[in-house]
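Engineer: I'll drop the sequence and a predicted model, then ask my questions.
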Amino acid sequence: MAMTRRQAIKSAAAFGAALAWPSMVLGKGRAGDGKRGAVERRDLFPQGVASADPHPDSVILWTRRPPVGESRAALLAVEVAEDAAFAHVVSRTRAALSADADWTCRVLAAGLRPSRVYWYRFVDEHGFASRTGRTMTAPAETDGQPVRFAFVSCQNVTQGASNAYRRMIWEDERAAEADRLGFVLHLGDFVYEIVWYPEDRPQGMYDRRIRDVVRYPNGEKIEDFHVPTDLEDYRALYRGYLTDPDLQDARARWPFICMWDNHEFSWKGWQSQQNFGSGVRPAQTRKVAANQAWFEYQPARVEKVPGAAAGADRFAAPAVRNVPIERFDDHGLGLEDGNLAAISSLKLYRAFRFGANVELLLTDNRSFRSEPMGDHPEVAAFDQPNVPYFDSLEIAEVLDAGRSFAGGRPPATIPFGGAEKANPRRTAPPQSMLGAEQKVWFLARLRASTARWRLWGNSVAMLDWRTDLQNLPPELRAKWPFAGYGLMGTGDWASYRTERNEILDLVRHENLAGFATLAGDRHAFAAGLLSAALPPSPLAPAGVEFIVGSISAPGLFEAMSYKISKDHPLRALYLHQPPAPAPLEPAINCTLLHGVRASLELQRTHDREQALKASNPEVAPHLAFTDVGGHGYAVVRAGADDLEVEFVCVVRPLEKSDRPDGGPLAYRITHRARRWAGGAAPRLERTRVEGALPLSV
Ligand SMILES: [Fe+2]
């Protein structure tokens, strides 16, 4: 239902935005006071323009106009038009600028028509204009046309180039109108708060040159990197990132829908706490600062602290102190007042509807999660040193479930390295990713959805990456002193398994058809079936998941090629060294899809066919595809009867491409799920491949 003007006024105030409404137009086709004689001056709008969170009748617009040299502005005129030349202006308003919001400006453009392209721009009182932005409204709820959008994550502009955005723009400009993207879903790590200055790492990072993009005015140096300490630092981070030209062009072309992941606050952060590897550090003030900077730099339909008294465009920062959390609820939520105030100072979880086909739910997987068990000092006793990147799956299950393991009968001890170690989580509640309140909201929205597809913008992934380390040949078997599988990666849903399986089981038992999650964070592409159980238990798929590779942040294959030494006895599980001069290949893809014997055979014979003959089909019947080395983006097409997701993989983005298409592609691959009926099992099929897949078949 379209908003009334009264509702629009209320919404705009809640979002900290000015309102642009059609009746505010002075006369159709007449140039506005801002437009007359306006001169585009991109240097005065150094972070560009953006739009966000499209609804069928409205969208949020954003820019930043700071003082530049002697040029200061206090007021921006905003124009929204049906054409790029602003001949048909549909609404216009004014928005005040102030240092309190770091000269950023939000406008809710409402009273618009569904599925329409609009253009917008900001003009200051001196007649200096921003670049022109393009945006799109969402389709009306009854619209049955397929919904198309891209999803992305993990851009590190200090360590790589945003060539993926350039490619996305290039393809979209050439696409038929019906095939163009309606929006970009950003699943977090929009910024990386851990920053190396070029002088900190003259050798670079892996294959990367360090760029001098962010300097913290205050900052704290930990080991050889810098982290933000206060509001000015977090603002400096966004200001630096948003000077990236390809990111700016993408924000000026499509509305973005953004959910943060960890690095918008802190690397190993949870709730308002930090951990840089030497224990938990209370960081309530930093969480508030991170939230405020996000609020200022990411336009979104998010409400500030309820009842905040500050002016419309200002974030009301609660007063908090950095004190340890001593009491937790049964979901691991820290009950310290400042922790609660910090994490509720900005509520990001929210839902969108796109036509008849798509319900999009976004969850905040960082602000309410219980402390990751992998960071508990008692749990570190279960680290094993021999097989990098892997943990024992059976131990991870016991530790995650805590007192709920085996129907409430957790073991008192856990066998480890030939000894029995006390189970440190025997009386603890199972880990929670969502926290109690958000989980209630999420499950209610999931059940209530009437769209063909229930899409979950889920910043962290659910699919298990595991391999059969128990099947290592006798000469290597001693490296893995466990009976079962190894699980790769911790910290995402694969280690918050109890809650993951609770959600998947609920989806299946309640016949919630068309359930698909879209995830980032792993810096890898993957597609597969979501199943709480894997062999030797029968698969029980509840939905499908697609994980997008990073825009630019280094992935595990790149890291492994530096971290796994040439003489490591298990190197073949991670890296395939073909005969010289061919470059290293990501054998880890093969290990995750086919098991350890396949990768060992690959290294022995250099022959993929031979390797596949050694495949263990029990390792990954849930995975349709995985590539831990890929960068790029994903494109979703959600029609009434099928959901197609194309992964577009660019070559490693070490430098900005000078080509208009963003440089060469490594590959493209498309998977499709046909809409299944409630109670039926979803399936994934591969429909198209272009280019060579890196040991991923
Ligand atoms: Fe990331």
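Structural biologist: Structure's in. What do you need? Residues are numbered from 1 along each chain as shown.
Engineer: and the strands in the stretch 51-200 of the chain, which stretches?
Structural biologist: 58-64, 75-81, 89-96, 104-109, 117-124, 128-129, 133-136, 147-152, 184-186 (DSSP state E, counting those that start in this stretch).
Engineer: and whichever helix or strand Gly543 is part of with strand 147-152, angle?
Structural biologist: Following DSSP states H and E, one finds Gly543 within strand 541-547. Strand 541-547 runs at 60 degrees relative to strand 147-152, counting by axes from the mean of the first three to the mean of the last three CA atoms, to 10 degrees.
Engineer: convert the helix or strand just after strand 541-547 to CSV, retaining C-alpha atoms only.
Structural biologist: Counting by DSSP H and E, the next helix or strand C-terminal to strand 541-547 is helix 556-563. C-alpha atoms of helix 556-563 as CSV (Å, rounded to 0.1, in the frame of the first residue of the first chain):
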residue,chain,number,x,y,z
LEU,A,556,41.4,-18.4,1.2
PHE,A,557,43.1,-19.8,-1.9
GLU,A,558,45.3,-16.7,-2.1
ALA,A,559,46.0,-16.9,1.7
MET,A,560,46.7,-20.6,1.5
SER,A,561,49.2,-20.1,-1.3
TYR,A,562,51.2,-18.0,1.2
LYS,A,563,50.5,-19.9,4.4
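Engineer: what about helix 556-563, near the ion?
Structural biologist: No: taking CB under 5 Å from the ion as the criterion, helix 556-563 and the ion are apart, separated by no less than 11.2 Å. Every C-beta, even on glycine, is put in place using the N, C-alpha and C of the backbone.
Engineer: quick one: buried residues of that helix?
Structural biologist: Leu556, Phe557, Glu558, Ala559, Met560, Ser561 (16 or more other CB atoms under 10 Å).
Engineer: quick one: mean pLDDT for that helix?
Structural biologist: What helix 556-563 shows for mean pLDDT is 97.
Engineer: could you give the number of residues near Asn322?
Structural biologist: 16 (other CB atoms under 10 Å).
Engineer: what helix or strand does it sit in?
Structural biologist: Asn322 belongs to no helix or strand, assigned by DSSP H and E.
Engineer: restricting to C-alpha, output stretch 350-365 in CSV.
Structural biologist: Provided in CSV are the C-alpha atoms of stretch 350-365 (Å, rounded to 0.1, in the frame of the first residue of the first chain):
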residue,chain,number,x,y,z
ARG,A,350,14.3,-5.5,8.2
ALA,A,351,12.2,-6.9,5.3
PHE,A,352,11.4,-5.9,1.8
ARG,A,353,8.8,-7.1,-0.7
PHE,A,354,9.5,-7.1,-4.4
GLY,A,355,6.4,-7.9,-6.5
ALA,A,356,4.6,-11.2,-6.2
ASN,A,357,7.8,-13.2,-6.3
VAL,A,358,10.2,-12.0,-3.6
GLU,A,359,10.2,-11.5,0.1
LEU,A,360,13.6,-10.4,1.2
LEU,A,361,14.5,-10.7,4.9
LEU,A,362,17.8,-9.2,6.2
THR,A,363,19.2,-10.3,9.6
ASP,A,364,21.9,-8.7,11.7
ASN,A,365,24.2,-11.6,12.4
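Engineer: buried sites along that stretch?
Structural biologist: In stretch 350-365, the ones that count as buried by 16+ other CB under 10 Å are 350-365.
Engineer: stretch 528-541 too?
Structural biologist: Gly528, Leu529, Leu530, Ser531, Ala532, Leu534, Ala540, Pro541.
Engineer: stretch 66-73 too?
Structural biologist: Pro66, Ala73.
Engineer: alpha carbons only: can I get it in CSV?
Structural biologist: Taking Å, rounded to 0.1, in the frame of the first residue of the first chain, the C-alpha atoms of stretch 66-73 are listed here in CSV:
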residue,chain,number,x,y,z
PRO,A,66,31.5,18.9,3.3
PRO,A,67,33.3,22.2,3.4
VAL,A,68,36.0,22.1,0.7
GLY,A,69,38.6,24.8,1.0
GLU,A,70,36.7,28.0,1.3
SER,A,71,33.5,26.6,-0.2
ARG,A,72,31.0,25.9,2.6
ALA,A,73,27.3,25.0,2.2
